[in-house]
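>>> Sequence plus the predicted model coming up.
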Amino acid sequence: MDYHLDPALQEPHYALQTHLGFKMVAWEKHFAAFELPLAPFLMNRYGIPHGGIYATMLDTAMGYAGCYTGSPEEVQLAMTLSLTTNFVGRPVGERLVIEARQIGGGRSTFFTEGTVKDETGVLVATGSGTFRYRARK
């Protein structure tokens, strides 16, 4: 997929992001996308990504999907209230692609849906989340 990420909106990587190795590839109003190269330390005993990786990536992308402001000076944060992850397949590729969309909400909470696919398009997980906005920095 071809994504667009305004370099001015790219935030510094935080510790977990650096550790796992994922990167944001798109961010706009009501949408965020991330990519994660698969590595041996992400796999479970079966040799496929641990389910917690899917949940972490969905939580991350869905949170960002509701926090876009369009300005690096206006940082909006949110905390997860509810996260549902559905495991539906196993990747055949070498990279995970996570997309999330805000589907509703109001002044204090928002709702999202997300997917995890590999770069070949195989759907491996879906999710939904509810998030509460935090005070802006």
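Structure received.
>>> On the pLDDT front, check the residue most central in space within the chain for me.
By Cα atoms, centre = their mean, the chain has its centre lying nearest to Ala61, at 1.9 Å. At Ala61, the pLDDT value in this model is 98.
>>> got it, and the one 5 residues further on?
Reported pLDDT at Gly66 in the predicted model: 97.
>>> how about it, what does it touch?
His30, Ala78, Gln102, Gly105, Phe110, Thr112, Phe131, Tyr133 (Cβ atoms under 8 Å, 6 or more residues apart in numbering). C-beta here means a position set from N, CA and C on the backbone, and glycine is covered the same way.
>>> Same check on Ala8?
Ala8 sits next to Pro72 when contact means Cβ under 8 Å, 6+ apart.
>>> repeat for Met62
Contacts of Met62 (Cβ under 8 Å, 6+ apart): Ala32, Leu83, Ala100, Thr112, Glu113, Gly114, Gly127, Ser128, Gly129, Phe131.
>>> Format the residues you listed as CSV; extra columns: neighbour count, secondary structure and distance to His13.
Shown next, in CSV, are those (neighbours: other Cβ atoms under 10 Å; DSSP: H, G, I helix; E, B strand; the rest coil; distance: Cβ to Cβ, whole Å):
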residue, neighbour count, secondary structure, distance to His13
Ala32, 27, strand, 15
Leu83, 18, strand, 22
Ala100, 28, strand, 18
Thr112, 29, strand, 22
Glu113, 18, strand, 25
Gly114, 27, strand, 20
Gly127, 23, strand, 22
Ser128, 17, strand, 26
Gly129, 25, strand, 22
Phe131, 26, strand, 21
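>>> closest to Ala26 among those?
Ala32 (6.6 Å; Cβ to Cβ).
>>> Pull up the gap between that closest one and Met43, please.
Distance, Ala32 to Met43, by Cβ to Cβ, to the nearest Å: 25 Å.
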